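>>> sequence and computational prediction follow.
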Amino acid sequence: MDTLKFKIKDKFWETPEACSFVLENVAGNTLFYKPGQFITLIVNLDGKEYKRSYSLSSVAVKDKNPAITIKKIKGGNISSYLIERLNIGDYLDAHYPAGMFVPDLHPANARQYFLFAAGSGITPLFAMMKSILVKEPKSFVNLVFSSRDEDHIIYNKQIIKLEFEFPERLNVTHLLSNPSEAWQGFKGRADHELLENLISELSLDIEKSFFICGPKDYMEIAEAAIKSLGFASENIKKESFKSEIISNSKMNEASSKKSVKIVYRKEVFEYELEDNQTILDGALDHNYRIPYNCASGVCTACLGKCVEGEVDMGDSDALSENEKKMGLVLTCIGKPITEKVVIQID
Ligand SMILES: Cc1cc2nc3c(=O)[nH]c(=O)nc-3n(C[C@H](O)[C@H](O)[C@H](O)COP(=O)(O)OP(=O)(O)OC[C@H]3O[C@@H](n4cnc5c(N)ncnc54)[C@H](O)[C@@H]3O)c2cc1C
Ligand code: FES
């Protein structure tokens with residue numbers, strides 16, 4: 001699989017926890033990407049290869065260079081390494097931009113976009129917001145953004161600038177869970193009633209699209225509020241930064257040793273999984289190279305077909321029910337629930 005090389009052109013803090021990296025594509029060719037897509041960084045640390053995906057916050061129509069924003073996760077191996085150890089002038093390897101969390105933009109569209117973000121979930125939505133405002137002059141954007149307090153609002157200054165630039169078509173509502181006493185806006189966490197009321201109050205009489213990005217429980221609340229107002233699933237797109245946790249009952253079943261056989265092109269890999277390992281993690285531990293990208297159940301680069309046995313993918317909805325019934329599985333989040341599984345990868 002082809003990879004990209006980036007040089008870090010700039011690095012700065014957006015909030016006390018989130019750090020932005022402005023990148024230069026050193027191959028020199030134009031990098032094509034859509035708003036909402038991510039790149040997957042390939043990081044070699046202590047002799048092991050790790051891959052972590054980061055949404056591009058930049059958009060080609062407004063920003064000269066691609067950029068990502070990384071939030072430091074407590075106990076997070078790679079986010080800490082990237083933020084603490086990498087500096088301007090250092091290089092990063094990455095896979096080409098990927099992802100389906102993308103609006104279908106057209107200059108003739110006259111839509112109302114509701115973008116629901118919590119914390120670092122703002123990154124893909126920030127790119128979408130800029131793109132919609134520039135590329136669809138008849139569309140409106142409502143950003144509903146949950147953060148901890150005023151200091152933790154990622155891209156705060158840039159969002160304010162956009163509000164000045166597009167006062168008629170951009171409306172931003174901040175929800176702060178722990179604001180200062182001076183805060184005059186909404187206080188508290190996003191809940192069903194609040195989001196339902198917000199959508200109703202802000203609704204314009206035009207076609208709507210909803211995009212949600214944040215922690216799993218936040219996304220569930222936002223989706224339920226949207227649906228309770230009668231909007232269909234087809235109008236709602238969501239992206240999670242974290243693969244779903246496998247359900248407890250299946251986790252117990254999955255905790256005994258399982259054997260995996262992978263048929264990939266002309267090669268056959270057979271191995272045993274350690275307790276609770278994913279099929280991909282087991283393959284990588286044995287240095288078997290099978291395709292993958294985000295390693296988070298989002299991009300489908302690791303797609304395979306389970307032709308024997310059964311694989312559990314938790315609550316992930318990256319594949320449709322129909323695709324799951326056909327035996328399609330994502331090896332990066334898939335764990336066998338039968339003693340043996342055979343996976344065919346094209
Ligand atoms: C499509 C996609 C886009 C992403 N875009 C961004 C982005 O723009 N900015 C960004 O900061 N991150 C983003 N992520 C998350 C990122 O890829 C890493 O998962 C994150 O940086 C943590 O990696 P780590 O190695 O530091 O943590 P790990 O060592 O992998 O995990 C440490 C602990 O933190 C938990 N954890 C992992 N990720 C998260 C999370 N996002 N929130 C809360 N807990 C977590 C794990 O369950 C574990 O308990 C994205 C992920 C995907 C799949
Ligand atoms: S590697 Fe992206 S879904 Fe599995």
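On my side now, so go ahead. Ligands and ions are numbered 1, 2, ... in the order given.
>>> what residues does the stretch 1-150 of the chain have near ligand 1?
Residues of the stretch 1-150 of the chain that fall close to ligand 1, judged by C-beta under 6 Å from any ligand atom: 38, 52-55, 68-71, 73, 75-80, 99, 120, 123. Every residue, glycine included, has its C-beta placed from N, CA and C.
>>> out of these, list just those in helices.
Under the assignment DSSP state H, those contribute 77-80, 123 to helices.
>>> out of these, which is most surrounded?
Thr123 (30 neighbours; other C-beta atoms under 10 Å).
>>> from the ones in helices among the residues of the stretch 1-150 of the chain next to ligand 1, which has minimum pLDDT?
When these are compared by pLDDT, Asn77 scores lowest at 91.
>>> tell me the contacts of it?
Shown in contact with Asn77 (C-beta atoms under 8 Å, 6 or more residues apart in numbering): 45, 50.
>>> does the helix or strand where Gly282 lies reach ligand 2?
Assigned by DSSP states H and E, Gly282 falls within helix 279-285. No. Helix 279-285 stays clear of ligand 2 (C-beta under 6 Å from any ligand atom), getting no nearer than 6.9 Å.
>>> for the next helix or strand after that helix, what is the average pLDDT?
Once the chain leaves helix 279-285, the next helix or strand it forms, by DSSP H and E, is strand 303-308. The pLDDT scores in strand 303-308 average 96.
>>> which of the residues in strand 303-308 are buried?
303-304, 306 (16 or more other C-beta atoms under 10 Å).
>>> do stretch 261-274 as well
261-264, 269, 271, 273.
>>> using CSV, list the CA coordinates for it.
Written as CSV, here are the backbone C-alpha positions of stretch 261-274 (Å, rounded to 0.1, in the frame of the first residue of the first chain):
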residue,chain,number,x,y,z
LYS,A,261,-6.8,-19.0,9.3
ILE,A,262,-6.5,-16.2,6.9
VAL,A,263,-6.4,-16.7,3.1
TYR,A,264,-5.0,-13.5,1.6
ARG,A,265,-4.4,-13.6,-2.2
LYS,A,266,-2.0,-16.6,-2.6
GLU,A,267,-0.9,-16.7,1.0
VAL,A,268,-2.3,-18.6,4.0
PHE,A,269,-1.6,-17.5,7.6
GLU,A,270,-2.6,-19.7,10.5
TYR,A,271,-2.2,-18.5,14.1
GLU,A,272,-3.7,-18.6,17.6
LEU,A,273,-5.0,-15.4,19.3
GLU,A,274,-4.1,-14.4,22.7
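>>> would it count as contacting ligand 2?
No. For stretch 261-274, no contact with ligand 2 is found by C-beta under 6 Å from any ligand atom; the gap never falls below 13.9 Å.
>>> show me the contacts for the closest residue to Leu229 other than its chain neighbours.
Leaving aside its chain neighbours, Leu229 sits nearest to Ile199 (5.8 Å; criterion: C-beta to C-beta, 6 or more residues apart in numbering). By C-beta under 8 Å, 6+ apart, the contact set of Ile199 is 114, 225-226, 229.
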